[in-house]
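K.L.:
starting from these lines, generate the structure:
(2 chains)
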Amino acid sequence: MSKVIRLGYVHLRVTDLEESRNHYSNTLGMEVVASEPGKLYLKCWDEWDHHSLVLEEGGVGLVKLGYKVESSEAMTEFESRAQRFGVTTGRFSAGENLTVGEGVRITLPSEHNIELYTEMEYAGTETGAINPEAWPRNVRGVGTHWIDHALMPCEDPGLNERFLSEVLDFKTAERVVTSMEEPEVIGTWMSCGESPHDIAFIKGPNGKLHHFAYHLEDWSSILKAGDIFAMDDVPIDIGPTRHGITRGTTIYFFDPAGNRNEVFAGLGYRVQHDFPTINWTVDHLAKGIFYHARELNDAFTSVFT
Amino acid sequence: MADPKDVENDITVLPDGLHVTAVGEETLLKALGRAGLRYRVGCKRGGCGVCKLHLLAGEVRYERPVADSVLSDDERVEGICLSCRAVPLTNVVVELQEGDRLRRVLGFLTKGTP
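P.N.:
Here you go, the predicted structure:
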């Protein structure tokens, strides 16, 4: 298991901050915990750190992802391994990101910016840590639990897989290869803990976002999320359906700036230390992505922000 | 002056030459969708650029900000519009991207081709 704990924050560009506030706060149910001119900070009710989403007005797509790390020693080790691998790294100081401590900035081979950090101000979940209720009664809209993972396109998923594995100790839970005989990696789903994926990459342009996902409790929560998207006129890309890869149940949908979001439920299995990586051959890619339809829509491989 | 909500503009969609009416502040995408027509679209929210059309005649406006990374100034000058965000100001003639075609999902709403 990696000393990276989880995807801690997503920093996203949106064209209109107020429309996005409505989407992330009222439709998805996140809480706005802080704001600055042109920026909003939000968290889900089941998250305990200060925020998990930063919205910045102007443009679309991903600014960066933050991954929380166990200790400063682990962070320094990751930094030196990244340098040996040959990618650009840098340091940022405490407070450069609101309530976040110092950390290491890494540009992945795919040009995505990842920030490693060990400290963020503690806020607590809405149900608390002493005799908690099952869920807060005032939860709005979908009531997303936490930000779970992000998937990005990149020109060489195999190289990113090697980076995440060798530098950050992520384990490949599942991958898509051209064939078992000549396994060029087309997509990779990687875990830092026991969840089927904390980060994933598929073949496409560097530096862009395919989607980031929210964890929901179960399949019926996915259905209810779909109902809320219908009520709030949120464009749905696909679903409710199931992914073959990760076995998660899902809806892909779009925020008001066109960034793809996902609601994702069902930890179909645990990625234990000796978990055997699952391989999908590219002729089964469509079933791997959309298990029921077994056909990719145009958007899956063309819509990025 | 007429209420903007009542303004009607004619949209000619090439290569089929089909006519659709845009009412009020409807986007091109909305007007075509209401007429039961489908074509290649992505996020429908101005983020991905998949639904771009060639604007061959007429004028459109954008009521929401459109990111430069999605629709560049050069593209605007060349007459490319982002159909999920573009609202016709006048009668317009648009053409689908090469390789795309109109699909009719509500046959009873549209007559003639396609």
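
K.L.:
ok, residue A:258 to residue A:59 distance?
P.N.:
Counting by CB to CB, to the nearest Å, the separation of residue A:258 from residue A:59 is 11 Å. The way it works is simple: take the backbone N, C-alpha and C, and place the C-beta from them, glycine included.

K.L.:
now the helices for the chain?
P.N.:
Because you didn't say which chain, this covers chain A. For chain A, helices defined by DSSP state H occupy the ranges A:17-21, A:72-85, A:157-168, A:219-231, A:285-289.

K.L.:
the intended chain is chain B.
P.N.:
Under DSSP H, chain B gives helices at B:28-34, B:73-78.

K.L.:
would you mind measuring from residue A:111 to residue A:160?
P.N.:
10 Å.

K.L.:
what about the residue in the stretch 201-305 of chain A that chain B sits nearest to, neighbour count?
P.N.:
Relative to chain B, the nearest point of the stretch 201-305 of chain A is residue A:258 (1.6 Å; CB to the nearest CB). By other CB atoms under 10 Å in any protein chain shown, 28 other residues sit near residue A:258.

K.L.:
also residue A:58?
P.N.:
What residue A:58 shows, counting by other CB under 10 Å, is a neighbour count of 14.

K.L.:
close enough to count as contact, it and residue A:38?
P.N.:
Yes - contact criterion CB atoms under 8 Å: residue A:58 and residue A:38 qualify, at 7.1 Å.

K.L.:
quick check: buried residues in stretch A:99-119?
P.N.:
Neighbour-count burial for stretch A:99-119 flags A:99-110, A:112-118 (criterion: 16 or more other CB atoms under 10 Å in any protein chain shown).

K.L.:
which of the residues you listed fall in strands?
P.N.:
A:103-107, A:113-117 (DSSP state E).

K.L.:
residues near residue B:88, how many?
P.N.:
Residue B:88: 25 neighbours (other CB under 10 Å).

K.L.:
any idea which helix or strand in chain B has the lowest mean pLDDT?
P.N.:
strand B:103-104 (a mean of 90; mean pLDDT, DSSP states H and E).

K.L.:
can you pull the contacts of residue A:143?
P.N.:
A:29, A:45, A:135, A:221 (CB atoms under 8 Å, 6 or more residues apart in numbering or on different chains).

K.L.:
ok, the closest residue to the second one other than its chain neighbours - contacts?
P.N.:
It refers to residue A:45. Leaving aside its sequence neighbours, residue A:45 sits nearest to residue A:126 (CB to CB, 6 or more residues apart in numbering or on different chains; 4.0 Å). Going by CB under 8 Å, 6+ apart, residue A:126 touches A:31, A:45-46, A:136, A:139.

K.L.:
for the ones in strands among the buried residues of stretch A:99-119, which one is nearest residue B:97?
P.N.:
residue A:113 (31.8 Å; CB to CB).

K.L.:
can you tell me how far the closest one sits from residue A:88?
P.N.:
Applying CB to CB to residue A:113 and residue A:88 gives a distance of 9 Å.

K.L.:
list residues touching both of those two?
P.N.:
A:106-107.

K.L.:
and the two most separated of the ones in strands among the buried residues of stretch A:99-119?
P.N.:
Farthest pair in those, by CB to CB: A:107 and A:117, 15.9 Å.

K.L.:
with chain A in mind, check whether stretch B:85-94 reaches it.
P.N.:
No - applying CB under 8 Å from any CB of the partner chain, one finds stretch B:85-94 separated from chain A by no less than 9.4 Å.

K.L.:
ok, residues contacting that stretch?
P.N.:
In contact with stretch B:85-94 (CB under 8 Å, 6+ apart) are residues B:9-14, B:22, B:25-28, B:31, B:46, B:53-64, B:66, B:81, B:83.

K.L.:
quick one: buried residues of that stretch?
P.N.:
B:85-88, B:91-92, B:94.

K.L.:
and for stretch A:129-146?
P.N.:
A:136, A:139-146.

K.L.:
could you dump these into TSV and include pLDDT?
P.N.:
Listed next are those as TSV, based on pLDDT from 0 to 100:
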residue	pLDDT
A:136	97
A:139	94
A:140	96
A:141	97
A:142	98
A:143	97
A:144	98
A:145	98
A:146	98
